[in-house]
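> how does the following fold in three dimensions:
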Amino acid sequence: MPFAEINGQRVHYEDSGGEGLALVFSHGILMDHEMFAAQQELAGEYRVIIWDARGHGLTESDGKPFSYWDAARDCLGLLDHLGVDQAALVGVAQGGFTAMRAALLAPDRIVALALVSTLTGDESPRAQTFYGQLFGRWIAEGPIDELTTVFAALTINEPEQSARWVAKWRERDPELVAEPATCLLERDDISERLRQIRCPAVVLYGTADPLFGAEDAEELSEALRYCVGVVPIEGGSHASPLTHPEQVNAALSYFLSEI
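Numbers count the residues shown, from 1 in each chain. You can find the predicted model right below:
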């Protein structure tokens, strides 16, 4: 099981290897590398790299506060560790926040962005309050049914996958949620900087996603100077690479072949 010492963290990753374009997948909050199991099918054409962000999965974090800029530097550090000069990044929700910042930090290294369920700027005040309460209770009370059922319905909304991820959440120390939640809720707004991103981009959204819809996707697309458009994933959830991988994989393949 491969790990890399990066920026004081012991980062877990998986790398298919190969000579194709490196395609790096970054997961959403409370998820991990396993949400991209079906994207391994792209390894015949691309070098597929998946990793666990700080506070998630098998990555061993130092427990200190961090930002998505730190996560972006972790992602770039992983490329350094693997000897990858240039890569395309695929980010889901918070993974998209990381990917956009990596593109701003290293414009010559990031050749394409695929952003899934990723907001342009801050959460709304209502969302801030909702997530603050949910994560606060999660840390204090643990992943009780009331909380895991709500979060799974909002992000996955597919019975078999939801049950599997709820089981995973119940096995993890709830205190590990604290720093990722703080990072999410206190992130800086980079919406005014998005036009500085120089690489081609595409925005994907699930049509059944209660958290991120067509208007959000169009807003992000318009903010990105070189975005080629918006791709709806029919029936897709917030975590559409997990629940609707065939559509997502096809959209990624088409986007990357076109650019």
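
> below-threshold pLDDT in the stretch 151-259 of the chain: ranges please.
For the stretch 151-259 of the chain, not a single residue meets the criterion pLDDT under 70.

> show me where it has its strands.
Counting by DSSP state E, counting those that start in this stretch, the stretch 151-259 of the chain has strands at residues 201-206, 227-233.

> quick one: contacts of the shortest one?
Read it as strand 201-206. For strand 201-206, contacts defined as C-beta atoms under 8 Å, 6 or more residues apart in numbering pick out 112-118, 212-214, 216-217, 220-221, 224, 226-233, 235-238, 240, 243-244, 248, 251, 255. (C-beta placed from N, C-alpha, C; glycine too.)

> again with stretch 155-173
Here stretch 155-173 makes contact (C-beta under 8 Å, 6+ apart) with 28, 30-32, 34, 143, 148-149, 151-153, 208, 210-211, 237-239, 242-243.

> now list the buried members of those.
Buried members of the contacts of stretch 155-173, scored by 16 or more other C-beta atoms under 10 Å, are 28, 30-32, 34, 143, 148, 151-152, 208, 211, 237-239, 242-243.

> tell me the most buried of the strands of the stretch 151-259 of the chain?
strand 201-206 (a mean of 27; mean count of other C-beta atoms under 10 Å).

> please save the CA atoms from that one in CSV.
Backbone C-alpha positions of strand 201-206 (Å, rounded to 0.1, in the frame of the first residue of the first chain) are rendered in CSV as follows:
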residue,chain,number,x,y,z
ALA,A,201,-11.9,23.0,-18.0
VAL,A,202,-15.2,21.2,-17.9
VAL,A,203,-18.0,21.2,-15.3
LEU,A,204,-20.1,18.2,-14.4
TYR,A,205,-23.2,18.0,-12.3
GLY,A,206,-25.7,15.4,-11.4
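
> what's around the nearest residue to Val24 once chain neighbours are set aside, how many residues?
Among residues not flanking Val24 along the chain, Ile49 sits closest, at 4.6 Å (C-beta to C-beta, 6 or more residues apart in numbering). Residues near Ile49, counting by other C-beta atoms under 10 Å, number 26.

> what of Ala53?
Residues lying near Ala53 (other C-beta under 10 Å) number 29.

> mind checking which helix or strand it is in?
Counting by DSSP states H and E, no helix or strand carries Ala53.

> again, but for His12
His12 belongs to strand 9-15 when assigned by DSSP H and E.

> what's the following helix or strand after that strand?
Beyond strand 9-15 toward the C-terminal end (DSSP H and E), the next one is strand 22-26.

> wait, what's in contact with the spatially closest residue to Arg54 that is not a sequence neighbour?
Computed as C-beta to C-beta, 6+ apart, the closest residue to Arg54 that is not its neighbour in sequence is Ser61, at 4.3 Å. Going by C-beta under 8 Å, 6+ apart, Ser61 touches Gln9, Arg54, Gly55, Glu179.

> returning to what we had before: contacts for the strand holding His12 next, please.
By C-beta under 8 Å, 6+ apart, strand 9-15 touches 1-5, 33, 47-52, 54, 57-62, 74, 77-78, 82.

> all helices for the stretch 151-259 of the chain, in order.
Assigned by DSSP state H, counting those that start in this stretch, the helices in the stretch 151-259 of the chain fall at 159-171, 178-185, 214-223, 240-243, 245-258.
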